[in-house]
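Enquirer: have a look at this fold, sequence not included:
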């Protein structure tokens, strides 16, 4: 059985597309509505480490807390950014998917194909009409 966990925001089109693509692949993921049930510090740090990205790469810059907390300040270290994300989960970019092959911030949604072991064999249409096709 193929499993995955998606840190999901149902108000986000990319997150909805990623969830729909997982289901299209026959994967019913564990869905974490991270705004209501945010990851704890250990989980957040683990996800970042498994993605192999900088903390700044997963922080949302287009939400009010980013400006209010002046998180664009380059002098802020990773600790400060992680603490901000824990205090304001809306700052965590989404969707993050943990699959059998790794963890990724799935922007664009088809990036999920890199962390699950089920190949896309049938084309998938996103909400906006864009198609994702199997690789030849």
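Expert: Okay, I see it. Quick caveat: nothing in here was measured; it's all calculated off a predicted structure.

Enquirer: does residue 27 sit in a helix, a strand or a coil?
Expert: coil (DSSP: H, G, I helix; E, B strand; the rest coil).

Enquirer: and for the one 10 residues further on?
Expert: Using three-state DSSP, the secondary structure recorded for residue 37 is coil.

Enquirer: and for residue 135?
Expert: On the basis of three-state DSSP, residue 135 is classed as coil.

Enquirer: excluding its backbone neighbours, what's nearest it?
Expert: residue 120 (7.5 Å; C-beta to C-beta, 6 or more residues apart in numbering). Using the backbone N, CA and C atoms, a C-beta is placed for each residue, glycine as well.

Enquirer: how much space between that neighbour and residue 75?
Expert: 43 Å (C-beta to C-beta, to the nearest Å).

Enquirer: who's more crowded, these two?
Expert: residue 120 (17 against 6; other C-beta atoms under 10 Å).

Enquirer: contact partners for the more buried one?
Expert: 21, 24-25, 113, 132-135 (C-beta atoms under 8 Å, 6 or more residues apart in numbering).
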